[in-house]
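Asks: Have a look; sequence and predicted model below, questions after that.
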Amino acid sequence: MEPVTMAKAINLSLRDALAGDDDVLVFGEDVGTLGGVFRITDGLQKAFGSDRVFDTPLAESAIIGICIGLALRGFKPVPEIQFDGFIYPAFDQIVSHVAKYRNRTGVSMPITIRVPFGGRIGAVEHHSESPEAYFTHTAGLKVVAPSTPGDAYALLQSAIADPDPVIFFEPKARYYLKEEIDTAKEVPIGQARVARGGSGVTVIAYGPTVGIALDAAKAAEKENISLEVIDLRSLSPLDMPTILASLQKTHRAIVVHEAPVFGGFGGEIVARIADDGFDLLEAPIARIGGMDTPYPPARYEKLYLPDVDRILEAADLALAYG
Amino acid sequence: MEPVTMAKAINLSLRDALAGDDDVLVFGEDVGTLGGVFRITDGLQKAFGSDRVFDTPLAESAIIGICIGLALRGFKPVPEIQFDGFIYPAFDQIVSHVAKYRNRTGVSMPITIRVPFGGRIGAVEHHSESPEAYFTHTAGLKVVAPSTPGDAYALLQSAIADPDPVIFFEPKARYYLKEEIDTAKEVPIGQARVARGGSGVTVIAYGPTVGIALDAAKAAEKENISLEVIDLRSLSPLDMPTILASLQKTHRAIVVHEAPVFGGFGGEIVARIADDGFDLLEAPIARIGGMDTPYPPARYEKLYLPDVDRILEAADLALAYG
Amino acid sequence: MADVVRVVAADDPVRPLFSPAGELTADARGTLGLSPDELRDLYHKMVWIRRTDQEALNLQRQGELGLWGPYQGQEAIHVGTVAALRPTDWIFPSYREFGMGMCRGIDPAEMLTLFRGLSHGPWDPRRYHFAPLVIPVASQVPHAVGMAMGSRFKHGDDVVLSTFGDGATSKGDWHEAMNFAGVFRAPVVFLCQNNRWAISVPLAKQTAGSIAERAQGYGFPGIRIDGNDVLAVLAAVRAAAARARQGDGPYLIEAMTYRMGPHTTSDDPTRYRSETDLERWNVKDPIPRYREWLQGQGLIDEASLAAINREVETAVEATRNRLKSAPVPAAGEAIFGRVYQHPPDSFLEERQEFESSLESN
Amino acid sequence: MADVVRVVAADDPVRPLFSPAGELTADARGTLGLSPDELRDLYHKMVWIRRTDQEALNLQRQGELGLWGPYQGQEAIHVGTVAALRPTDWIFPSYREFGMGMCRGIDPAEMLTLFRGLSHGPWDPRRYHFAPLVIPVASQVPHAVGMAMGSRFKHGDDVVLSTFGDGATSKGDWHEAMNFAGVFRAPVVFLCQNNRWAISVPLAKQTAGSIAERAQGYGFPGIRIDGNDVLAVLAAVRAAAARARQGDGPYLIEAMTYRMGPHTTSDDPTRYRSETDLERWNVKDPIPRYREWLQGQGLIDEASLAAINREVETAVEATRNRLKSAPVPAAGEAIFGRVYQHPPDSFLEERQEFESSLESN
Ligand SMILES: Cc1ncc(C[n+]2csc(CCOP(=O)(O)OP(=O)(O)O)c2C)c(N)n1
Ligand SMILES: Cc1ncc(C[n+]2csc(CCOP(=O)(O)OP(=O)(O)O)c2C)c(N)n1
Ligand SMILES: [Mg+2]
Ligand SMILES: [Mg+2]
C-alpha cells in the first residue's frame, strides 16, 4: 500500500467500519457535505448516505447526547467534535452519561468520540487544547491517542469495535505525516508500544509528543545517550507492564505531554511509577509539558510546548542524578 | 462566639462579604427564597435584597456565564452550583472563559464558584462527586477546599477578596460539624495547615478526608504510630513547602481523597513529592481514594470511600517498607 | 427571506381536540374510543401509583428509603401518557416518573431499590422501553431524540416520548435536543410536566415566556393542555404520537399540573409557598376529578371503587414486602460489576483487591 | 392556565418600522433623523471595513496573518449596529465582528494581532465597551446578559448588544442566555447575523424553525429584518435599544444577510455551495445598494465617493504598516503576564524559570 497520511488512515478506518457494520454512524459539525474541517470524513457521506454520515446543528452537548439514545437502539455512534476546545460544552453528557450509562443500566455504550487535539498548528484560541486529563480521570471511559497513521487506523478499529465508550484523541499536528500502513495489524486498547529501544532513560509520550521524543532520541544518540521512547497509545487503561519493563532497564524516566503539567496526566504516570517501580527509580521523573497557563497565542506555542531541548536537558539531569 | 457549623460559618462569611462590599452578588438555584438546599444562603436575600441575592432559572452554564459580564461590570459574583454533579454543564464557561478571560483581556475575574462536594451523605447519583481534579488541571483557576468551620469562613473571605477566579469546594458531609470560629483569623489561598503534628508518616488530605485522616491518626497513636496530618486547604496553588517540611521529618506519605485515584489530584501531589522530595522518600506514597468507578449507590459508599482502616494499612506498609 | 417552515393547522392533529384554554373538548372526549374497562383501568392505575407514592413516602420516613420524590398531583400525566403509547414506544423519563415506570410494568419494588441506595437503575431499559430515571435535569432529552433519530434510521414504526419538568426547559440541553428533533424530523413527542415549581423556584422566575409556544421556533407545533385530566393527556399524547409515527415529526405538549408534595423528602415547601396555592390545586386533583367523571358517566360504582382500593392495598403491601426482602447485591458486583463490558485488566485487579480486602475484614 | 406573558404590539417599537417582509418602510426611513454627514459616514465606514477585510485577506495570503475570517456582505450590520448605539453601550461580539470593533474606535492593526498570533485579544474591553472576540460559538451570549443584568442592578442607563450567528442559535448557551434575559428583564438587544451558513452547514440544516419567532418563547419580541440595509439595521437596533433602555427588557433582531466569502481562510466553500447562490446575494450587496440610495437621494456625488476611497486607502495602508511594525511582546509576558492578577508563588517561579531558560538559549 502507498504511504498514507494519518488523516487518510483515519478516513480509511471510518470507511471500513461503516462498510463492515451497518450500525456504525458518523456525524458531527461539517462532517457530511464538507467532509470535515480536516477532511477526515471526506467522501463518507457520498459512500454511505446521509442516514449514516450526517451533519448536525452546531451543538456539542446534543451531538454527544444523541449517542446515548442511538446506542440504546443498537447503533455504534462515532461522533466528531470539531476541535479539542469545543468538547467542553459536551462535558456533562460525557461525564454524567456516556461514562456512567452502562453502570446505571447494564446496557453497553459502544460510542467512539473522535477529537482532534493538541497544538503546533498556529491556530487561534481554543484550537490547540490538550484536554485528555479531564477524561482519563473519568471512570467508565477509555482514552486513546495514536501517534502514527498505522496506529490511528488500527486503534480506531479497536475503539469502534469496543463495547465501551472511547475518547479517541487525534494529534492534529500529525494529520499529514505519511507512513505505509498495514490494515490487518491489530492494536488493542491498553497496549503501549516501544517506539524506539534504548537503555539510558525512558521517555514516555503519546499523540503529538511521540515525534518530539523520537527526535530527541535521535539527537541524544549523537551524544551517546540512549533514550527508549514509549508511545502509550492508550492512556486509560494505562499499560504499566510496558512502562515498568522499560524502567527495569533504564531506571530513569521522563514524561512528555502538551497539556499543562499541573494536574495533568503525567502526574498519574509518575505516581504509578513511583509506586509500582519505587525501587527501580534512580532519579526523579521529570514531567515536560505545556506551561501552567492557558494555551498562548500561536507565535509563542513553540516556546510553550515540549521540545527536543527540554527533553535532552531532562535526560541529562536524570543521568547525572545521584 | 458560640460554636457554629460549617454551614453557618459559610453563611456568615457570605453575609460579611455582602455587607462589606456592595459589588458582591450571591445567586444560583434556590439560593434566594429557600436559602439554598443546604440553607447556606439562609436569610441573605432578606438581608440584602433580591438584586444582591437571587434565584436563577435552572441553567448552570448561564449561572457561570453571566459572571463574566457581571465581573466586567465590576461585580464580584459568588454563584452557587447546587451539587458537585451539576457543575459539568458549566464546564465550558469555567474552562473557556472564567479561567481564560483575564489572560484574553487583562480584566480580572473576581468570581468565586461555591460547590458542595463529596460523598458520605447517602444520596442518589450525581450528588456525591469529587470533581476537583478537573479544575486543578485548569490553568487560570484557583481551587480550595476547607475542612473546618473556621477555615471555611476565612478561606471564603480570601476567595471572594481574591481578584482571580476561585472554585470553592465545600465538603458537604462536614456541613454540620461544629467548632468555635475566629472571624478575624486569615487563611490566605495557598497555605496548607498541619492539622496534627506527627513524625511517622505524613497523611495529606483535604476537605472531606481531613476528618478521616485525623481519626486515623488518633487510632494509630494507640498503636504507637505517629501520623502527621496535613490539611491542604488550597489545592491550586499547592503548598509544597509545608508538604516537604513534613516529609523532612517523616520520609513517608499517604495521600487521601474521595475522588477516584486514577488521574486524580493525588497524582499531582505524589508526582511533586517524588520530584522535589525524591531523596527524602523512604517508601512509595500510597494514594487512597475512591475506586476507579462511578460513585456507587449509597449503600456501598462507605466501602468505596477512604476510611481509617485503609489509611492505617497504608501507614503500616509505609513504615514497614524497605 | 420567507423561508420559515410554518407549521400549519393541517399538520396539527392535537389542537382541534382542545379548547383554546387547553381543555379536551366534549367531542374529542367522546371519540376516544376507550372501552369501559379501559376507562376504569386508567382510574385504577392512578389510584395505584398514588398509593405507591404515599407508601414510598412512609418508607422514607421509616428509614427504608434514603430519599423520595413524590409525584402526587401528576398521576393523570403518568397514566395517560403510558396508555396513549404502544409498549414498544420508548419513554425517556426524568427522575419523577416512577408512576410511568409502574404503568410500563416495571416492578415498583425493583425501582425503589434506587431510592433505597441499592442501585442506580436496576431494570433493563430495553425490556420495558423505559429509559433509566435521570437526575441531571434535562440531560435525558437529547437521549430521547437520539433514540427517535435511530427509529427513523431503522425505519421503525415506534415513537419516543421525552418527558421533563418546567425547570428543565431552561437548560441548554433541552434546547439543543428540541432543535435537533426539528431538523431531523425525529418521531418524538416532548411532554413538559409543568408542575409550576422547580424545587423552590416558581414558574414565573423560571421563564418569562411560554413553553408550549417555543415549539414553533423549532419548526413543529406545541400546545398547552390541562395535565390534570387523564383523558386530555391520553388524547394529546396519542394524537401527537400518531403524527410522529406517520413521519410528520416532533410535537411539544405542555401539560399544566401542580406538584402537590414537597420537591423531595429533603425539601420543606413551607419555606417558599403558601397553603392557599395548594388548596387551589387540590380542587383539580386528577384522581377525584376523574372518579367523579366516571361516576357521572355511570362507568364505575361503589363496589368497583372498593374493589380497586382493595386490589391496590394488596399490591402496595406486596411491593413493600418485596422491597424489604430484596437481596442486597454483593459490594464488588454493585460497585464494579457494570462499569465496563470489556473491563481492562487493571480494573479487574482493582476489583479483585477490593473483594479480597472485604473478605479479610 | 392563562399566565403566559404576552408581548403586545404596544411593547414593540421595532415592528411598526418594518414591512411584514422585514424591509424598513419608507416612512420609517424618512424619520431616522440622520444628517447628510451621518448618512455619508455610514457609507464611509462600510467601505472602510470592507477594504480592511480585503486587506486582511491579502495579509493572510502573504503569511502576515495566521487566519482570517472575512465578514464581506455583513458590513451593513457591523456599521448600522454601532451607529445605533451609544459609545457606552456594551457590545459582545462573536469572532466575526471585526468591523464593529473598528467602528468602536479600536485600532484594526491592534485587533489584527489576534489573527497574527500575537495576542488573544489585545484591547481593554472596558475602554471601548467592546468585549473580546470570542471563539466558542454562542458562549459569549450569557456574558452579554450578565452585563445587562449588572446594568440593571447598578441602575445604569446603558444597554447591551449581543451578537451571534445563525449557527450559534443551536447552542444551549444561547437558549439559557435568552431565557435569563427574559426572566431578569435585562436591557439587552440580541442581534442574530443570519448569514445562512455555519461553515458548511446551511440554515435549513441548522434549524427547522424560525429564529426571530423564538423570542416569544422567552417573553419578549423578535423580528426578522433585512440585514443588508444599513438603515434598517440602524433603525431596528436603535428602537430595540431605546426600549431596553427604558426598562422594557430584551429584544431579538434576526438580520438576514449572507456570508459572501469563505468561513475563514482555511475554508473552501466550493465544496458545499454553488456560485449561483452567491450571485443572488451579490445583488443585495449592502455597499452598492446603499451607495445607489445615497446617490438617488442626492446625498453623495462622485467627488465625495472618490474622497472616501482615497481616505480609506490611506487608512488601510497605515493599518498595514502599523501591523507589520507592531512589536512582538516578550514571550514571558505573552505567556504568563495576564493569567492572574495575584499570581501564586509557584506560578511566578515557573515564569522565572521559563524566562531564564530563554536567556540561556
Ligand atoms: C443539572 C441539574 N441542576 C440542578 C439539579 C438539582 N435539582 C433537582 S430537581 C430540580 C428542579 C427541577 O424542576 P423541574 O424540571 O420543574 O422538575 P420537577 O422537580 O418539578 O419535576 C433541581 C434544581 C439537577 N438535578 N440537575
Ligand atoms: C462551540 C463551538 N463549536 C464549534 C466551533 C467551530 N466553528 C467555528 S465557527 C462555526 C460556525 C458558526 O456559524 P455561525 O454561528 O452561523 O456564525 P458565522 O460563522 O456564520 O458568522 C463553527 C462550527 C466553535 N468555534 N465553537
Ligand atoms: Mg417542575
Ligand atoms: Mg452563520
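Replies: Good, I have the coordinates. Ligands and ions are numbered 1, 2, ... in the order given.

Asks: Is A:Ile167 in contact with A:Val144, as I believe?
Replies: Yes. Here A:Ile167 reaches A:Val144: they are 7.4 Å apart, a contact under Cβ atoms under 8 Å. All C-beta atoms are positioned from the backbone trio N, CA, C, and that covers glycine.

Asks: what's the spacing between the residue in the stretch 51-200 of chain A positioned nearest to ligand 2 and A:Ile64?
Replies: Closest residue of the stretch 51-200 of chain A to ligand 2, Cβ to the nearest ligand atom: A:Phe86 (3.8 Å). Distance from A:Phe86 to A:Ile64, counting by Cβ to Cβ, to the nearest Å: 11 Å.

Asks: Have a look at these two and say which one is more surrounded.
Replies: A direct count of neighbours by other Cβ atoms under 10 Å in any protein chain shown for A:Phe86 and A:Ile64 places A:Ile64 higher, at 27 against 23.

Asks: Name the SS class of the more buried one, please.
Replies: helix (DSSP: H, G, I helix; E, B strand; the rest coil).

Asks: contacting residues around it?
Replies: A:Pro79, A:Ala90, A:Gln93, A:Ile94, A:His97, A:Val98, A:Ile113, C:Pro142 (Cβ atoms under 8 Å, 6 or more residues apart in numbering or on different chains).

Asks: Now do the contacts for the fourth one.
Replies: By that I understand A:Ile94. A:Ile94 sits next to A:Ile64, A:Ile87, A:Ile113, A:Phe135, A:Thr138, A:Leu141, A:Ile167 when contact means Cβ under 8 Å, 6+ apart.

Asks: export these to TSV and tack on secondary structure and pLDDT?
Replies: Listed next are the contacts of A:Ile94 as TSV, based on DSSP: H, G, I helix; E, B strand; the rest coil; pLDDT from 0 to 100:
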residue	secondary structure	pLDDT
A:Ile64	helix	99
A:Ile87	coil	98
A:Ile113	strand	99
A:Phe135	helix	98
A:Thr138	coil	98
A:Leu141	coil	98
A:Ile167	strand	99
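
Asks: Just name the closest of the residues you listed to ligand 1, please.
Replies: Closest approach to ligand 1 among the contacts of A:Ile94 (Cβ to the nearest ligand atom): A:Ile64, at 15.4 Å.

Asks: got the residue ranges for the strands in the stretch 201-322 of chain A?
Replies: Secondary structure of the stretch 201-322 of chain A, counting by DSSP state E, counting those that start in this stretch: strands at A:201-205, A:227-231, A:234-236, A:253-260, A:286-290.

Asks: number of nearby residues for the closest residue to A:Glu129 other than its chain neighbours?
Replies: Among residues not flanking A:Glu129 along the chain, A:Asp84 sits closest, at 3.9 Å (Cβ to Cβ, 6 or more residues apart in numbering or on different chains). Counted with other Cβ under 10 Å, residues neighbouring A:Asp84 total 23.

Asks: Phi first, then psi, for A:Asp84.
Replies: With angles defined as degrees, to the nearest 10, A:Asp84 sits at phi -40, psi -50.

Asks: Residues in contact with stretch C:243-253: which ones?
Replies: C:11-14, C:148, C:157-159, C:178, C:181-182, C:185-192, C:211-212, C:214-215, C:218-223, C:225, C:233, C:236-237, C:240, D:208.

Asks: I'd say C:Leu152 and C:Pro187 touch.
Replies: No Leu there; residue C:152 is Arg. Yes. C:Arg152 lies in contact with C:Pro187 (Cβ under 8 Å); the separation is 6.2 Å.

Asks: still on that earlier bit, what's the closest of the strands of the stretch 201-322 of chain A to B:Leu34?
Replies: strand A:253-260 (38.7 Å; Cβ to Cβ).

Asks: Give the partner strands of the closest one in its sheet and their orientations.
Replies: Applying DSSP bridges, strand A:253-260 is found paired with strand A:201-205 (parallel), strand A:286-290 (parallel).

Asks: Please dump these into TSV; it should also carry mean pLDDT, mean neighbour count and distance to C:Arg29 for every row.
Replies: Listed next are those as TSV, based on pLDDT from 0 to 100; neighbours: other Cβ atoms under 10 Å in any protein chain shown; distance: least, Cβ to Cβ, whole Å:
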stretch	mean pLDDT	mean neighbour count	distance to C:Arg29
strand A:201-205	98	30	70
strand A:286-290	98	24	66
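
Asks: Looking at these, which is nearest to A:Arg15?
Replies: Closest approach to A:Arg15 among the strands paired with strand A:253-260 is made by strand A:201-205 (28.7 Å; Cβ to Cβ).

Asks: Ligand 2 contacts on the stretch 1-150 of chain A?
Replies: A:Glu29, A:Leu58, A:Glu60, A:Gln82, A:Phe86, A:Pro89 (Cβ under 6 Å from any ligand atom).

Asks: What are the structural domain limits within chain C?
Replies: What automatic domain parsing lists as the domains of chain C is C:2-328, C:333-361.

Asks: out of those, deepest packed?
Replies: Ranked by mean neighbour count under mean count of other Cβ atoms under 10 Å in any protein chain shown, the domains of chain C are led by domain C:2-328, which reaches a mean of 21.

Asks: Is any residue of stretch A:107-119 near chain D?
Replies: No. Stretch A:107-119 stays clear of chain D (Cβ under 8 Å from any Cβ of the partner chain), getting no nearer than 11.6 Å.

Asks: That stretch and chain C in contact?
Replies: Yes. Judged by Cβ under 8 Å from any Cβ, stretch A:107-119 and chain C are in contact via A:Val107, A:Ser108.

Asks: Look up how far chain A lies from the residue of chain C lying at maximal distance from its centre.
Replies: Computed with Cα atoms, centre = their mean, the residue of chain C farthest from its C-alpha average is C:Ser360, at 44.6 Å. Remark: distance between C:Ser360 and chain A (Cβ to the nearest Cβ, to the nearest Å) = 21 Å.
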